[in-house]
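Chemist: whatever this is, show me its structure:
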Amino acid sequence: MPLRIEIVSPEKRLVERDVDMAVVPGMEGDIAAMPDRAPLMLQLRGGVVALYQSDKIVDRYFVTGGFADMGADHCTILADSAQLMSELSVDEAKARLRDLESRWAEIGPNDVDMHDQISRELQSVRAELEAVQDRSPA
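Modeler: Below you'll find the model as predicted:
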């Protein structure tokens, strides 16, 4: 029985297809969505969503965060933003990291909300850089 995967960002629907399994980056670690799994709602961290067909990765997408709704026959990812791994740029990610580090240095000690926001963005861009530097052909 296949698993219906759907990855949606505010900009567009990136993918909607059947796969054997999807591995998603949860806040507590990576988790696999497979047919017949118990229902689960999961908050995502910045990381790679890997789509599998017959034990082989067929596509990889980078998400910056969001939520995943998993069930027995589906996995719907509502991503803050998402992109095919092949479309990511090391140079662009490094530029965003430099900008975020500059913004981090300027945050006042009592601006807890801004610390939280920039911290999440830093985690995401660092994960993106790691993924892009380690990417291998799907």
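
Chemist: please save the CA atoms from stretch 113-122 in CSV.
Modeler: What follows is stretch 113-122, C-alpha atoms only, in CSV (Å, rounded to 0.1, in the frame of the first residue of the first chain):
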residue,chain,number,x,y,z
ASP,A,113,10.9,36.9,21.2
MET,A,114,13.6,38.0,18.7
HIS,A,115,16.1,35.7,20.3
ASP,A,116,13.7,32.8,19.8
GLN,A,117,12.9,33.8,16.2
ILE,A,118,16.6,34.3,15.1
SER,A,119,17.6,31.1,16.9
ARG,A,120,15.1,29.1,14.9
GLU,A,121,16.3,30.8,11.7
LEU,A,122,19.9,30.1,12.5
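
Chemist: buried residues, that stretch. List them.
Modeler: Buried residues in stretch 113-122, counted by 16 or more other CB atoms under 10 Å: Ile118, Glu121, Leu122. Where C-beta positions appear, they are placed from N, C-alpha and C, glycine not excepted.

Chemist: reformat those as CSV; add secondary structure and pLDDT.
Modeler: Converted to CSV, these look like this (DSSP: H, G, I helix; E, B strand; the rest coil; pLDDT from 0 to 100):
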residue, secondary structure, pLDDT
Ile118, helix, 87
Glu121, helix, 87
Leu122, helix, 89
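
Chemist: from those, which single one is nearest Gly46?
Modeler: Glu121 (8.4 Å; CB to CB).

Chemist: residues contacting Glu11?
Modeler: Neighbouring residues of Glu11 by CB atoms under 8 Å, 6 or more residues apart in numbering: Ser81.

Chemist: hang on, the earlier thing: can you redo the buried residues of stretch 113-122 as TSV with distance to Asp69?
Modeler: Shown next, in TSV, are the buried residues of stretch 113-122 (distance: CB to CB, whole Å):
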residue	distance to Asp69
Ile118	28
Glu121	24
Leu122	27
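
Chemist: so which of the residues you listed is the closest to Lys12?
Modeler: Glu121 (21.2 Å).
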